[in-house]
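Asker: this one's structure only:
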């Protein structure tokens with residue numbers, strides 16, 4: 001029964017491109033927690049893509065929007081080893097007394113572990129960074145704004161106004177996806193994009209940190225050309241990339 005259900009979920013997502021958890025539960029006459037568990041297993045097997053509120057077909061070449069993007073809680077643990085290696089490399093660029101901006105997202109869940117012992121000033125709008133901060137990480141400045149439960153970040157005009165008071169040696173940024181052919185970095189909506197653009201203007205150097213799952217994904221909004229970054233740190237790629245792509249040797 002379980003395998004039949006998994007096959008039916010995969011079939012429905014391939015037919016429709018995206019199917020909500022509620023619709024899947026209704027069609028298969030099971031609970032929504034059961035569907036979420038099934039989708040988690042299907043994603044593990046590489047058969048669908050789990051997104052916020054449902055599942056998306058791997059055959060769909062759609063555009064990532066806020067409604068189809070996963071919540072931060074659902075992204076935890078995905079590509080964890082790759083993300084940790086990228087955080088380690090990014091942290092190696094930081095020197096004592098540097099001021100840095102760390103973007104939101106699960107990409108940076110472990111970056112503070114690699115900054116321990118360095119005297120740094122960290123500015124962020126990310127609840128994930130706030131929750132992992134200790135006195136071993138120097139000083140933390142949390143910018144305010146409208147809190148987004150989906151992204152676990154402070155956003156909006158108040159966040160931008162707070163951010164405008166700082167300057168950085170480095171801005172470490174994430175994104176929803178990149179199109180290497182068009183040389184574009186994307187978000188699924190505008191509010192997180194505005195924070196990223198502001199941080200880039202205030203930083204001496206900006207680095208985009210992406211694991212390979214973000215490649216070949218188009219988002220709703222293009223917030224930067226890839227050439228605007230001083231470096232793009234990723235774990236691997238099967239495409240021809242610009243010269244400033246950095247793939248740490250350990251990967």
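Answerer: Looks like it came in fine. Please read all numbers here as calculations on a predicted model, not as lab measurements.
Asker: tell me which residues of stretch 96-111 are tucked away?
Answerer: Neighbour-count burial for stretch 96-111 flags 98-111 (criterion: 16 or more other Cβ atoms under 10 Å). Just so you know, the C-beta spots here come from the backbone N, C-alpha and C atoms, and that holds for glycine as well.
Asker: For these, could you give me CSV that also reports pLDDT, secondary structure and distance to residue 208?
Answerer: Converted to CSV, those look like this (pLDDT from 0 to 100; DSSP: H, G, I helix; E, B strand; the rest coil; distance: Cβ to Cβ, whole Å):
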residue, pLDDT, secondary structure, distance to residue 208
98, 98, coil, 18
99, 98, strand, 19
100, 98, strand, 14
101, 98, strand, 13
102, 98, strand, 13
103, 98, coil, 9
104, 95, coil, 14
105, 91, coil, 12
106, 92, helix, 15
107, 93, helix, 10
108, 96, helix, 12
109, 94, coil, 17
110, 96, coil, 18
111, 97, helix, 14
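Asker: Out of those, which is nearest to residue 32?
Answerer: Lowest distance from residue 32 to those (Cβ to Cβ) belongs to residue 106, with 22.9 Å.
Asker: looking at it, the closest one is touching residue 126, isn't it?
Answerer: No. Between residue 106 and residue 126 there is no contact under Cβ atoms under 8 Å: 9.8 Å.
Asker: Next, count neighbours for the closest residue to residue 204 other than its chain neighbours.
Answerer: Leaving aside its sequence neighbours, residue 204 sits nearest to residue 169 (Cβ to Cβ, 6 or more residues apart in numbering; 5.3 Å). Residue 169 is flanked by 17 other residues according to other Cβ atoms under 10 Å.
Asker: is it true that residue 192 touches residue 152?
Answerer: No. Counting by Cβ under 8 Å, residue 192 stays clear of residue 152, with 10.9 Å between them.
Asker: Of these two, which one has the most company?
Answerer: residue 192 (27 against 20).
Asker: before we move on, which element is that one in?
Answerer: helix 191-202 (DSSP states H and E).
Asker: List the contacts of that helix.
Answerer: Helix 191-202 has contacts (Cβ atoms under 8 Å, 6 or more residues apart in numbering) with 101, 103-104, 125, 146, 148, 151, 153, 155-156, 159-160, 163-164, 166-168, 171, 173, 175, 187, 206, 221, 223-224, 228-229.
Asker: same thing with stretch 32-47?
Answerer: Outside stretch 32-47, the residues that reach it (Cβ under 8 Å, 6+ apart) are 2, 5-6, 9-10, 21-22, 24-25, 28, 48-50, 54-55, 58.
Asker: Distance of the closest residue to residue 13 other than its chain neighbours relative to residue 42?
Answerer: Residue nearest to residue 13 in three dimensions, not counting chain neighbours: residue 57, with 4.3 Å by Cβ to Cβ, 6+ apart. Here residue 57 is placed at a distance of 11 Å from residue 42 (Cβ to Cβ, to the nearest Å).
Asker: overlap in contacts of the two?
Answerer: With Cβ under 8 Å, 6+ apart as the test, residue 57 and residue 42 both reach residue 48.
Asker: Where do the helices of the stretch 101-250 of the chain begin and end?
Answerer: Secondary structure of the stretch 101-250 of the chain by DSSP state H, counting those that start in this stretch: the helices cover 127-132, 157-163, 191-202.
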